[in-house]
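Student: the following comprises the amino acid sequence and a computationally predicted model.
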Amino acid sequence: NLQSLEKSTGTILTKKLFFLHRSTIAKIVKLRVLDCKEMATFCIYIVVKYHSEFVWCVCYYPLSIEFKCSCLRMESMGLPCDHNVSILLCLNITNFPKSLLADRWLKYAKEPIKGKYPDASSYWESEDIARYATLL
């Protein structure tokens, strides 16, 4: 399941963010899910780190496939934390949910912007030309 999660993020994220996310996936080996408390509309998972007293609570909402972690990395940076990914593995989810990724980190984040401006291709080409000139 870990390889399929990594493969699905590789098709969605930009290259730079994918390599950052791979380091997050590598940290999952040190995490362990201790307990699961099922409520009416969500489940609370208790996640601990190996040989550590730190405990994180991850809430999973199955109807909307949303995750909320007590570390608040998703809310602050827009990137999933390793605690959320460990719950994905625990639930045997193979495709990375869109709710765990902010739109700004996706490969095609600029596509809606390009369509709003007439003759947008010239804007993007001029940006590339400016970058090239700066490098020279």
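Tutor: Happy to help now that I have it. Numbers count the residues shown, from 1 in each chain.
Student: touching, residue 84 and residue 70? I think so.
Tutor: No. Using Cβ atoms under 8 Å, residue 84 is not in contact with residue 70; the gap is 10.8 Å. In this view, the C-beta of every residue, glycine as well, is placed from N, C-alpha and C.
Student: what do those two both touch?
Tutor: residue 58 (Cβ atoms under 8 Å, 6 or more residues apart in numbering).
Student: which of those two has more neighbours?
Tutor: Neighbours were counted for residue 84 and for residue 70 using other Cβ atoms under 10 Å; residue 84 has more, 24 against 15.
Student: low-confidence ranges in this structure?
Tutor: 110-130, 132-133, 136 (pLDDT under 70).
Student: and the helices in it, which stretches?
Tutor: Taking DSSP state H, the helices of the chain run over residues 2-12, 15-26, 73-77, 82-90, 111-116, 120-135.
Student: and the residue nearest to residue 89 when sequence neighbours are not counted, what does it touch?
Tutor: Residue nearest to residue 89 in three dimensions, not counting chain neighbours: residue 1, with 5.5 Å by Cβ to Cβ, 6 or more residues apart in numbering. Applying Cβ under 8 Å, 6+ apart to residue 1 gives the contacts 88, 89, 92, 93, 94.
Student: if we use 6 Å, what do you get?
Tutor: Applying Cβ atoms under 6 Å, 6 or more residues apart in numbering, one finds that residue 1 lies in contact with 89, 92, 94.
Student: with residue 106 instead?
Tutor: residue 12.
Student: before we move on, the earlier item: which of the contacts of residue 1 has the most neighbours?
Tutor: Highest neighbour count within the contacts of residue 1, by other Cβ under 10 Å: residue 89, with 16 neighbours.
Student: that one and residue 135: what is the separation?
Tutor: 41 Å (Cβ to Cβ, to the nearest Å).
Student: just residue 44 next, same as before
Tutor: Distance, residue 44 to residue 135, using Cβ to Cβ: 50 Å.
Student: list the residues that contact residue 107.
Tutor: residue 14.
Student: close enough to count as contact, residue 42 and residue 64?
Tutor: No. With contacts defined as Cβ atoms under 6 Å, residue 42 does not count as touching residue 64, sitting 9.6 Å away.
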